[in-house]
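Colleague: no sequence on this one, just coordinates:
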């Protein structure tokens, strides 16, 4: 063989190997990403935390929200890295969680995540029910953004005002009331197969809120002026159509479909061609949701108007795919959709989810997407959604995962108060308002608590990113950014077929069960040092409660590598375990566990944490093998 041919062959082999390596590197485990994304919602919980809480560095907070004004507003979610409960983005986030649970219920169920998804939804809907004590009253916010942003403290230490702000007939907010109605209607569909009575209750509130939004028109931030600086609404027309579309999906009552058709021009549903989908702008969501009615052949006398809705849905999808005759969403050189300077990733996740959903609708109808640059197969929409998910998870110029805790390289200086300050279970003293800035906000070290699954704001338009706690535009996570990821990751995981971690059933503990933290259990105490491997187990009880005169305990175990070498393939034998366990991956052999998928290796000094719940004494741990 000629030397030149040998060189060419070697070069070809090298290229093929490189391509194989790249394919392996970016063969993402979307199931793991889904699991962690759901953890973010637990990290954002306000109120009395349940015994099943998996994010164990959090504790109860905001337990008197609304009490000074004679209303119970305990619960719900903190919005981002702060501690305000903003109604508009929270309601949008719940709508997106529910939409994911509806469209991708099979995928989420197969991955054993429907329970966690429904809990994420219900943590919001239970709060919305409280916040809607009368047909024409909706409490739309708790806390004040200005005073909250003057302090850097844990939610458990809050010293800022916790006043509630409400909408009523004299102080309307059609956008917020409409979005909350949409959230409750979508959630009613999600819960219907599992809890029909709760589903019916959600629908009662959804219908009342839609009527309130429609009959008393106005912008919510004119009534709740403190929201204007943070979540200014650009209008309420889209939310009225959005709520009507979801109520039609939930009830099949033609009244709501007729509302969306009769008001299509006046409220802009068939007039606005948009290039974003977000907590503020729902038009693309309305247009795609109503296109489903047309594609399913259920449009009847409304066909012409619904075709106009679909034309605008196509505009959005084509603009994302860069096939809209130049009128496209801006895309960075690295391939990321770019819409806004502040927290751009929330627009990316929403668009990717919407494209995945539209791909489903078109595929079911055996239809194609009509773009100015040609007909597009539904699979191309899903492929593009996947490209955005892959960018998020690490296929980007910085080779960094913008989903915290996923992959080997992710942001560690997340702009989040709770994550940046040592947990109250370890640091028992109160962290005061200004002290938090001095001791924690300006701390150059990474956050002491990993806020798993948080989607940070992401890079700028040049694909550059600064992992800096003060760079809130790029390092702060939000509810509205994370919510679309649940359905998106579930769909992509199903297509890719990667198996995920096993989730055991938790004990039937009522959500409001009283929890106490024994003083002796607040700081982990050394338990046993294995004689089989250079690891140390630090065992503590972090909570206890009583059900039917039986005591249950939440046990926390820290596995620490005390050696100078990495430990891999660690196999643990856990005996006398009577309750559920999470944080480790089970093997095919009973009672034998290994490190979770995302932490296969324990580096020197590194830790792995798992928890379990049971009555009586702690389980017995021993090491079977390691490398």
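Modeller: On my side now, so go ahead. Owing to the predicted nature of the structure, the values given are computational and were not obtained by experimental measurement. Numbers count the residues shown, from 1 in each chain.
Colleague: which stretches of this protein aren't confidently modelled?
Modeller: 1-26, 498-533, 545-550, 616 (pLDDT under 70).
Colleague: Hmm, residue 491 and residue 104 touching each other?
Modeller: Yes - counting by Cβ atoms under 8 Å, residue 491 is a contact partner of residue 104 at 5.1 Å. (C-beta placed from N, C-alpha, C; glycine too.)
Colleague: tell me the strands in the stretch 151-300 of the chain, going along the chain?
Modeller: For the stretch 151-300 of the chain, the strands defined by DSSP state E, counting those that start in this stretch cover 164-167.
Colleague: and the closest residue to residue 611 other than its chain neighbours, how many residues sit next to it?
Modeller: Excluding the flanking residues, the one nearest residue 611 by Cβ to Cβ, 6 or more residues apart in numbering is residue 556, at 5.1 Å. As a burial measure, residue 556 scores 19 neighbours (other Cβ atoms under 10 Å).
Colleague: again with residue 615
Modeller: For residue 615, using other Cβ under 10 Å, the count is 14.
Colleague: Excluding sequence neighbours, find me the nearest residue to it.
Modeller: With sequence-adjacent residues excluded and distances taken as Cβ to Cβ, 6+ apart, residue 615 is closest to residue 552, at 5.3 Å.
Colleague: ok but the one you found is inside a strand, no?
Modeller: Yes - residue state for residue 552 (DSSP: H, G, I helix; E, B strand; the rest coil) corresponds to a strand.
Colleague: That one touches residue 580, doesn't it?
Modeller: No - with contact defined as Cβ under 8 Å, residue 552 does not reach residue 580; the gap is 10.8 Å.
Colleague: so residue 404 makes contact with residue 450?
Modeller: Yes - the criterion here is Cβ under 8 Å, and residue 404 meets it with residue 450 at 6.6 Å.
Colleague: Can you name the helix or strand that residue 610 falls in?
Modeller: Element membership for residue 610 (DSSP states H and E) is strand 607-614.
Colleague: what comes into contact with that strand?
Modeller: The contact list for strand 607-614 (Cβ atoms under 8 Å, 6 or more residues apart in numbering) reads 51-52, 54, 56, 506-507, 542, 552-561, 577-584, 595-596, 599, 602, 619.
Colleague: Any of those buried? List them.
Modeller: 51-52, 54, 56, 506-507, 542, 552-561, 577, 579, 581-584, 595-596, 599, 602, 619 (16 or more other Cβ atoms under 10 Å).
Colleague: Just the ones of the residues you listed in strands?
Modeller: Among the buried ones among the contacts of strand 607-614, DSSP state E puts 542, 552-561, 581-582, 602 in strands.
Colleague: Tell me which two in these are the farthest apart.
Modeller: 552 and 561 (30.4 Å; Cβ to Cβ).
Colleague: quick check, nearest of the ones in strands among the buried ones among the contacts of strand 607-614 to residue 360?
Modeller: Nearest to residue 360 among these is residue 582, at 30.5 Å by Cβ to Cβ.
Colleague: just checking, that closest one touches residue 54?
Modeller: Yes - between residue 582 and residue 54 a contact is recorded at 6.3 Å, counting by Cβ under 8 Å.
Colleague: Beyond the helix or strand where residue 32 lies, next helix or strand please.
Modeller: Assigned by DSSP H and E, residue 32 belongs to helix 30-43. Per DSSP H and E, helix 30-43 leads on to strand 85-86 as the next helix or strand towards the C-terminus.
Colleague: Note down every partner strand of that next one and its orientation.
Modeller: Partners of strand 85-86 in the sheet, by DSSP bridges, are strand 138-142 (antiparallel).
Colleague: What segments of the stretch 401-550 of the chain are helices?
Modeller: When secondary structure is read from DSSP state H, counting those that start in this stretch, the stretch 401-550 of the chain shows helices at 417-420, 433-436, 472-475, 479-496.
Colleague: Now mean neighbour count and distance to residue 204 too, for those helices, in CSV please.
Modeller: CSV is the format used below for the helices of the stretch 401-550 of the chain (neighbours: other Cβ atoms under 10 Å; distance: least, Cβ to Cβ, whole Å):
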stretch, mean neighbour count, distance to residue 204
helix 417-420, 25, 34
helix 433-436, 16, 41
helix 472-475, 21, 39
helix 479-496, 27, 24
